[in-house]
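Peer 1: What would the 3D arrangement of this be:
(chains A and B)
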Amino acid sequence: MFDWPLLQQNFPLLLGALLTTVEVSAASLFIGFFIGIGVAAMRLSPTPLLRRLGGAYIFVFRGIPLLVQLLFIYYFLPRAGLPNMSPMTAAIISLALCCAAYIAEILRGGFLAIPGGQLEAAGLLGLNARQMLVRIRVPQAVRLTLPGLINEMILLIKASSLVSVVGLADLTRTAQNLAASDYMFVQDYLLLAGFYCLINIPLAYAGSRLEKRLKGRGA
Amino acid sequence: MSFDPHIITDHLDDIGNGFLVTLGTWSSGVVLGLLLGLVIALAQVFGNNFVRAPLRVFIEIIRSTPFLVQLFLLYYGGPSFGLEMDPIPAGILGLAVYGSVYFAEIFRGGFESIPRGQLEAADCLGIGRLRCIVRIQLPQMAVIILPALVNLVTVLCKETAVLSIITIPELTMVLTGIGSQTFAFVETLLALCIGYLILVEACSRLGMLLETRVGRFMQRQPQ
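Peer 2: Here you go, the predicted model:
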């Protein structure tokens, strides 16, 4: 069932594709994080309209399967008048928009855990809303919700396997191509699974360590 | 960009069938996943280390690999293990296995939330282990873990869209198929989004109803 020389031959190809997967995931996480901060701030804003908008964003992007969002952005948006985009762009946009909704919900919990007195004090010291968000709320919220954010990172890396559908040569797509040419489905897909484990298991371990540390501190 | 509702109304039969396949794979995946998850959780809570260690590895592997990759292994790699399946059974099994490890973690958390003293008390009263699980632990856990279970069930609903990749004719497959035949991507993709939003929203609403029903004993604080 296993063909060792073939495995050695496929290994570097998948290693190269791992880079694409990491690139796409990192770029979407970075963009999604900033959108997520915005959406979380909207959900907690005193203006009802902004709260509604934030809620609607989360409802839509968490309620629709990522695969459908991806197809929507890749096939629909160019027809709605936007320029055609490369699979890479479509993948990053859809992953970022989707993970922003989850990050917003995670950060919202962090924002709520910050004592109100701090914000009052910041207001008295003359900080405006933007400064308060950047200097006081976000740094603390991120520290408090780091395990949740790491978990979201794992989910995002797994979700990035779906970008293979729009033709981006990520890990999954490359393994699919290899399997289609050498018919060694078990071996190629096991190797593929191994690559995902290689990134995600250390991340999960780091996440649970952090969680324990945060709990130990009583935070 | 034009919008032609006839694209949807003309294919209502196909879309209805796709919807039924989505519902079918989703519900059977959830039921099977719940059962499998409960078994895994029981083995983890009550089993010895020889049972626990391999289960731990299994859970970690399933949790760190994408659902799509697991489906590929099961559906395309399965025949090498003598596991030749049609797409739909393979999809249901894949969904169940993927869900089961998350269900198991939820159940495990539930078991751990029941105070040990109750189990010791049950032991003293001569209540057997099985009866203790069924009559004491599960009913109390239900209230605590229900929100997490409902959340996971909606996640699995969205994962069924991935089944289209292994050629299961569910909602996503049917509607994108119509889209590429008629080039009406606008109508079909919008219908697809709305379809899933309705499904997920209905599921979480039902979950909330269930939560109030199951939690009705928790309204009054014990004295």
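Peer 1: B:Phe58: how many residues sit nearby?
Peer 2: B:Phe58: 15 surrounding residues under other C-beta atoms under 10 Å in any protein chain shown. Yep, even glycine has a C-beta here, placed from its N, CA and C like the rest.
Peer 1: which one is it nearest to, not counting chain neighbours?
Peer 2: B:Val101 (7.3 Å; C-beta to C-beta, 6 or more residues apart in numbering or on different chains).
Peer 1: Please name the residues that touch that neighbour.
Peer 2: B:37, B:40, B:58-59, B:62-63 (C-beta atoms under 8 Å, 6 or more residues apart in numbering or on different chains).
Peer 1: Helices of chain A, residue ranges please.
Peer 2: Assigned by DSSP state H, chain A shows helices spanning A:4-43, A:48-63, A:66-71, A:87-113, A:116-124, A:129-131, A:138-159, A:171-182, A:185-216.
Peer 1: Chain B too?
Peer 2: Under DSSP H, chain B gives helices at B:6-10, B:12-46, B:49-64, B:67-75, B:87-113, B:116-124, B:129-131, B:138-159, B:171-182, B:185-214.
Peer 1: now for those, which one comes closest to A:Leu178?
Peer 2: Comparing these against A:Leu178 with C-beta to C-beta, the closest turns out to be helix B:67-75 (11.7 Å).
Peer 1: and the closest one, how far from the chain's centre?
Peer 2: 16 Å (C-alpha atoms, centre = their mean, to the nearest Å).
Peer 1: now do stretch B:52-61
Peer 2: 19 Å.
Peer 1: list the buried ones in it?
Peer 2: By neighbour count on 16 or more other C-beta atoms under 10 Å in any protein chain shown, the buried set for stretch B:52-61 is B:55, B:59-61.
Peer 1: can you check stretch A:190-200 too?
Peer 2: For stretch A:190-200, by 16+ other C-beta under 10 Å, it's A:190-193, A:195-197, A:199-200.
Peer 1: and chain B, which of its residues are near chain A?
Peer 2: With C-beta under 8 Å from any C-beta of the partner chain as the criterion, chain B meets chain A at residues B:1, B:60-61, B:63-70, B:72-73, B:76-77, B:79-81, B:158-162, B:164-165, B:172, B:176, B:179, B:185-186, B:189-190, B:192-193, B:196-197, B:200-201.
Peer 1: quick one, what contacts the residue positioned nearest the centre of chain B?
Peer 2: Centroid-nearest residue in chain B: B:Val30, 3.8 Å away (criterion: C-alpha atoms, centre = their mean). By C-beta under 8 Å, 6+ apart, B:Val30 lies in contact with B:95-96, B:99, B:153, B:156.
Peer 1: List the residue ranges of chain A that fall below the pLDDT cut-off.
Peer 2: A:1, A:217-219 (pLDDT under 70).
Peer 1: 50 - rerun?
Peer 2: Scanning chain A for pLDDT under 50 picks out A:219.
Peer 1: Next: chain B.
Peer 2: Looking at chain B by pLDDT under 50, you get B:223.
Peer 1: repeat that for 80
Peer 2: B:1-7, B:215-223 (pLDDT under 80).
Peer 1: hmm, back to that, against B:Phe67, how distant is the residue nearest to B:Phe58?
Peer 2: Distance check for B:Val101 against B:Phe67: by C-beta to C-beta, to the nearest Å, it reads 11 Å.
Peer 1: which residues does the closest residue in space to B:Met85 that isn't next to it in sequence contact?
Peer 2: Excluding the flanking residues, the one nearest B:Met85 by C-beta to C-beta, 6+ apart is B:Gly78, at 6.0 Å. Residues near B:Gly78 by C-beta under 8 Å, 6+ apart: B:84-85, B:90.
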